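Colleague: build the 3D model from these lines:
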Amino acid sequence: MSDQLTPGHALLLEFVDLPELLDGIGRDDDLTTAGLNSGDLIRLALAIEEQTGNPLDDDELTALHTVAGIDQVLTARSADVSEAA
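Modeller: As a prediction, the model looks like this:
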């Protein structure tokens, strides 16, 4: 993991059982292959839903398997919140 945390990396740090797993994970690496478990991903999904007040759709849930996908979901949801305001 680079010194510069993306929003996806920062959010993952809050919810993974073993934060040291994130040290070697790049933006496009598959998170389950890298050692994260389904519980970590479920907590991540629930946190995003709680922050934004809306459930994730199927495409968003599928995107959560990489840091780049998490960043994409967070960016899209931020844009949706900004447009609604």
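
Colleague: got the contact list for the residue most central in space within the chain?
Modeller: For the chain, the residue sitting closest to the mean C-alpha position, by Cα atoms, centre = their mean, is residue 70 at 3.6 Å. Taking Cβ atoms under 8 Å, 6 or more residues apart in numbering, we find residue 70 in contact with 7-8, 11-12, 44, 63-64. Just so you know, the C-beta spots here come from the backbone N, C-alpha and C atoms, and that holds for glycine as well.

Colleague: how about residue 48?
Modeller: Residue 48 touches 11, 56, 60, 73-74, 77, counting by Cβ under 8 Å, 6+ apart.

Colleague: compare these and tell me which is most surrounded.
Modeller: The member of the contacts of residue 48 surrounded by the most neighbours (other Cβ atoms under 10 Å) is residue 73, with 25 neighbours in all.

Colleague: okay, it: pLDDT?
Modeller: On the pLDDT scale, residue 73 is placed at 96.

Colleague: wait, doesn't it sit right on residue 65?
Modeller: No. Using Cβ atoms under 8 Å, residue 73 is not in contact with residue 65, being 11.0 Å away.

Colleague: for the residue lying closest to residue 39 once chain neighbours are set aside, the count of nearby residues, please.
Modeller: Distances taken as Cβ to Cβ, 6 or more residues apart in numbering place residue 17 nearest to residue 39, at 7.0 Å, with adjacent residues excluded. Using other Cβ under 10 Å, residue 17 has 11 other residues around it.

Colleague: for residue 17, give me the backbone phi and psi.
Modeller: Phi and psi for residue 17, reported as degrees, to the nearest 10, are phi -70, psi -30.

Colleague: now residue 21
Modeller: phi -60, psi -30.

Colleague: pull out the buried residues from the helix-or-strand element of the chain with minimal mean pLDDT.
Modeller: Within the chain, judged by mean pLDDT, DSSP states H and E, the helix or strand with the poorest mean is helix 67-84; its value is a mean of 84. Using 16 or more other Cβ atoms under 10 Å as the test for burial, helix 67-84 gives 67, 69-71, 73-74, 77.
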